[in-house]
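Student: Next one to model:
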Amino acid sequence: MATPLLVPLREPRFRALVTGRTFADFANAVAPFALAFAVLDLTGSAVDLGIVVGARSIANVLLVLFGGMLADRLPRSVILQGTETAAALTQAAIAVSVLGGFASVPLLVGLSLVNGAVSAISLPAAASLTPLTVPARLLTPANALVRLLSNTGRIAGAGLAGVLVAFAGSGWALAGNAVLFLAAAVSYHRIRLPRGERIPGRRPLGELAEGWREFSSRPWVWLVVLQFMVVNAVTAGALRVLGPLVADDTFGRTGWGLALAGQTAGSLLGGVIAAHWQPRRMLLIGVALVTVDALPMLVLGETPYLLPLLFAMFLTGIAIEQFAVAWDVSLQEHIPPEKLARVYSYDMLGSFVAMPLGQIAAGPLAEHAGREATLLGGAALVIGATVLVASHPQVRRLVRREPVSPGAPG
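Tutor: Numbering: from 1, shown residues only. Predicted coordinates:
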């Protein structure tokens, strides 16, 4: 019988974790939306927008392995408190520069690099905390609930960002988002984990090599990461760079905010489905559903109207949530807990490494080949990469493990 969705909330540490992640995701939904239109208001250039948003991804790529190593050595809740506080400070600095009228592309690039570095350090710690806060039997509903509540924050953030940017300006949206990052830091302060969370200090290169062995020895892991190297690069360029440009020329900025909110609304429904639907071959199903990610690009390229885009983004949210929960559960069940953060960091490195290229290349590609051709070509790449990975035997055959004990792991 399926475990009720809200049962993991009985665990105090889990409640603190999901509260912090919800606030952080609320803030992260506001940030890129407001930043994109701040750059467009400043220069109106797709190339400049790609450079600014790509800077954050570059910092993610450079430091995410360091973040995974720290998360397997130090208290993860402490790491998250520090990184969310630093994120609040960088977003506040961007807001002041925009509101004060002295923002420039080099300044925004520099602050985006700092913000990306902070995010890189926090991501593996946040991803690997869930199995330390709930019993093993609650792992699937806990992961679904983390994403469900985080997506609630994203919906609120996307909707608020659209309203603030349209009526108050991008600077005030960025200022509000700094406050949300501080709220996340306060929530993470309430997580108390046993000393067993830490591991004895070893040489950094040795720890990274050990994490690489865990990552590379499982084809189903690195194949999915390769898939998302393509998918994330394409969607980052299409939705973070070209999407706002199409919106400005067609259905408007508020409409773009509604489209982003529609995707996260689909994610809410997808999270509920994922919590109750636990197929044995959940990774295969999740991977295959990534093909739906191509729908928004097809709509933006062929029929850039708000209603079909809302429908496409809603379906994408449902589909991608099935993958995300399947992926987290698969890693958490099959990777040793003391090495999980480092495997997550290699996962994030591979998934993020091509995102700056996608973001920076989207503007020039659209200017030379046309927006429609760029968006449709991106959709074809997403579908092709997904079909190839879903056809691999290890991805097709990986099955869920039945928990052998109700006690919390690690």
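Student: Not counting its own residues, what contacts stretch 309-320?
Tutor: With C-beta atoms under 8 Å, 6 or more residues apart in numbering as the test, stretch 309-320 has contacts from 151, 251, 255, 258-260, 262-270, 273, 289-293, 295-296, 298-300. No exception for glycine: its C-beta is placed from N, CA and C like everyone else's.
Student: ok, residue 328 touching residue 143?
Tutor: Yes - counting by C-beta atoms under 8 Å, residue 328 touches residue 143, with 4.5 Å between them.
Student: Quickly list what's touching both of these two.
Tutor: Common neighbours of residue 328 and residue 143 (C-beta under 8 Å, 6+ apart) are residue 130.
Student: Report the buried members of the contacts of stretch 309-320.
Tutor: By neighbour count, with 16 or more other C-beta atoms under 10 Å, the contacts of stretch 309-320 hold 151, 251, 255, 258-260, 262-268, 270, 289-293, 295-296, 298-300 as buried.
Student: Can you point out the buried residues in the lengthiest helix in the chain?
Tutor: Looking across the chain with DSSP state H, the single longest helix is helix 12-42. Buried residues in helix 12-42, counted by 16+ other C-beta under 10 Å: 13-40, 42.
Student: Now do the contacts for residue 377.
Tutor: residue 369.
Student: same question but for residue 397, I mixed them up
Tutor: By C-beta under 8 Å, 6+ apart, residue 397 lies in contact with residue 281.
Student: now do 10 Å
Tutor: By C-beta atoms under 10 Å, 6 or more residues apart in numbering, the contact set of residue 397 is 220, 281, 283, 284.
Student: same check, this time on residue 259
Tutor: 158, 162, 239, 243, 247, 251, 296, 299-300, 306, 309-314.
Student: if you set the cut-off to 7 Å instead, what comes out?
Tutor: The contact partners of residue 259, by C-beta atoms under 7 Å, 6 or more residues apart in numbering, come to 309, 310, 313.
Student: How far does the one helix or strand it maps to sit from its chain's centre?
Tutor: Per DSSP states H and E, residue 259 falls inside helix 253-276. Chain-centre distance of helix 253-276: 14 Å, with C-alpha atoms, centre = their mean, to the nearest Å.
Student: if you average pLDDT over that helix, what comes out?
Tutor: Averaged over helix 253-276, pLDDT sits at 83.
Student: That helix vs helix 12-42, what angle?
Tutor: Orientation check (axes from the mean of the first three to the mean of the last three C-alpha atoms, to 10 degrees): helix 253-276 against helix 12-42 gives 160 degrees.
Student: Count the neighbours of residue 373 for me.
Tutor: Residues lying near residue 373 (other C-beta atoms under 10 Å) number 13.
Student: Once you drop chain neighbours, what's closest to it?
Tutor: Ranked by C-beta to C-beta, 6 or more residues apart in numbering and with sequence neighbours excluded, the top spatial neighbour of residue 373 is residue 301, at 7.8 Å.
Student: Likewise for residue 292?
Tutor: Closest residue to residue 292 apart from its sequence neighbours, by C-beta to C-beta, 6+ apart: residue 319 at 3.7 Å.
Student: which parts of the strand or helix carrying that neighbour are buried?
Tutor: Per DSSP H and E: residue 319 is located in helix 306-334. Neighbour-count burial for helix 306-334, with 16+ other C-beta under 10 Å as criterion, is recorded at 306, 308-334.
Student: angle of it against helix 253-276?
Tutor: Taking the same axes, to 10 degrees, one finds helix 306-334 and helix 253-276 inclined to each other by 40 degrees.
Student: downstream neighbour of helix 306-334 in the secondary structure list?
Tutor: Toward the C-terminal end, the helix or strand that comes next after helix 306-334 (DSSP H and E) is helix 340-352.
Student: so that following helix versus helix 306-334, what angle?
Tutor: 150 degrees.
Student: for helix 340-352, packing partners?
Tutor: Judged by 3 or more C-beta pairs under 7 Å, 6 or more residues apart in numbering; DSSP states H and E, helix 340-352 is in contact with helix 46-71, helix 105-129, helix 204-216, helix 219-235, helix 306-334.
Student: now the ones you listed in TSV, with distance to residue 365 and mean pLDDT?
Tutor: What follows is those, written out as TSV (distance: least, C-beta to C-beta, whole Å; pLDDT from 0 to 100):
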stretch	distance to residue 365	mean pLDDT
helix 46-71	10	75
helix 105-129	20	81
helix 204-216	31	75
helix 219-235	11	91
helix 306-334	21	90
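Student: So which of the ones you listed is nearest residue 382?
Tutor: In this view, these are compared for proximity to residue 382 by C-beta to C-beta, and helix 219-235 is the closest at 5.3 Å.
Student: list the helices and strands the strand or helix carrying residue 83 packs on?
Tutor: Element membership of residue 83 [criterion: DSSP H and E] is helix 76-100. Where contact means 3+ C-beta pairs under 7 Å, 6+ apart, helix 76-100 is packed against helix 12-42, helix 105-129, helix 170-188.
Student: what sits against the closest residue to residue 327 other than its chain neighbours?
Tutor: Nearest residue to residue 327, sequence neighbours excluded (C-beta to C-beta, 6+ apart): residue 286, at 6.3 Å. Counting by C-beta under 7 Å, 6+ apart, residue 286 makes contact with 322, 323, 326, 327.
Student: Just want the angle from the longest helix of the chain to helix 170-188.
Tutor: Using the same axes, to 10 degrees, the inter-axis angle of helix 12-42 relative to helix 170-188 is 170 degrees.
Student: Centre of the chain to helix 12-42, how far?
Tutor: 10 Å.
Student: Stretch 166-179 too?
Tutor: With C-alpha atoms, centre = their mean as the basis, stretch 166-179 stands 21 Å off its chain's centre.
Student: so for it, what's the average pLDDT?
Tutor: 79.
Student: In it, which residues are buried?
Tutor: For stretch 166-179, the neighbour count (16+ other C-beta under 10 Å) marks 166, 169, 170, 171, 172, 173, 174, 175, 176, 177, 178 as buried.
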